[in-house]
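> Model the following, please.
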Amino acid sequence: MGAKSRVGLFKMTGESNLDVLLGNMKPEVIPGEYVFCTVNEKLVSEFKRPLLVYRENEGPTVIVTKREAEQIGISSDSVWGLVTLKIHSALEAVGFLAAVTSHLASAGISVNAVSAYYHDHLFVPYERVDEVVALLRNLSESKR
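Down below sits the predicted model:
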């Protein structure tokens, strides 16, 4: 089976209607404490299970559990919780993250968003995870 045929096996159409996205986002906390690290390129391979590695010109950014970072001797100034929006959002959807992050910003909550193929993932201050879920559920209910 060629690479081209494998790509189509998992292809599903995501939702792009903003009201549907907001009304059905189903925020879910992914347990754990997460940190953002920047390391020398040679150290990237030290991470066994990074959630994300993004290579910026200044150096790689790695998102990993706090525990894994500490195990290889890396500390961080801030700890983040992770909330996944369980609706399958289309990569082409317009305004979804803007609406979500604006809603959280109005409550003074910072968000580092990561969009993947199926879902959007929000890294928020760890101590405010429960508040984020409550705010997003309220926003979602207001759109149904």
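> what about the residue lying closest to Ser76 once chain neighbours are set aside, neighbour count?
Distances taken as Cβ to Cβ, 6 or more residues apart in numbering place Val35 nearest to Ser76, at 3.7 Å, with adjacent residues excluded. The way it works is simple: take the backbone N, C-alpha and C, and place the C-beta from them, glycine included. Burial measure for Val35: 22 neighbouring residues, criterion other Cβ atoms under 10 Å.
> Surely Val35 is in a helix?
No: with DSSP: H, G, I helix; E, B strand; the rest coil as the criterion, Val35 is strand rather than part of a helix.
> pretty sure it contacts Thr61?
No: counting by Cβ atoms under 8 Å, Val35 does not reach Thr61; the two are 10.7 Å apart.
> so who does the residue nearest to Ser76 touch?
Ile63, Val64, Thr65, Lys66, Ala69, Ile74, Ser76, Ser78, Val79, Trp80 (Cβ atoms under 8 Å, 6 or more residues apart in numbering).
> again, only using 6 Å
Lys66, Ala69, Ser76 (Cβ atoms under 6 Å, 6 or more residues apart in numbering).
> so what's Val35 scoring on pLDDT?
With respect to pLDDT, Val35 has a value of 95.
> Tell me the bridge partners for it.
Val64 (DSSP bridges).
> Tell me how far it lies from Phe123.
Distance of Val35 to Phe123, given as Cβ to Cβ, to the nearest Å: 9 Å.
> follow-up on the earlier one: between the contacts of Val35, which sits nearest Glu15?
Lys66 (32.4 Å; Cβ to Cβ).
> since we're on the closest one, how many residues are nearby?
That count, for Lys66 with other Cβ under 10 Å as the rule, works out to 18.
> my read: it touches Gly32, true?
No: between Lys66 and Gly32 there is no contact under Cβ atoms under 6 Å: 7.7 Å.
> what are the ranges of the strands in this protein?
27-38, 52-56, 59-65, 80-85, 112-115, 120-125 (DSSP state E).
> Using JSON lines, lay out these together with distance to Thr13.
Below are the strands of the chain laid out as JSON lines (distance: least, Cβ to Cβ, whole Å):
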{"stretch": "strand 27-38", "distance to Thr13": "21"}
{"stretch": "strand 52-56", "distance to Thr13": "24"}
{"stretch": "strand 59-65", "distance to Thr13": "27"}
{"stretch": "strand 80-85", "distance to Thr13": "17"}
{"stretch": "strand 112-115", "distance to Thr13": "16"}
{"stretch": "strand 120-125", "distance to Thr13": "16"}
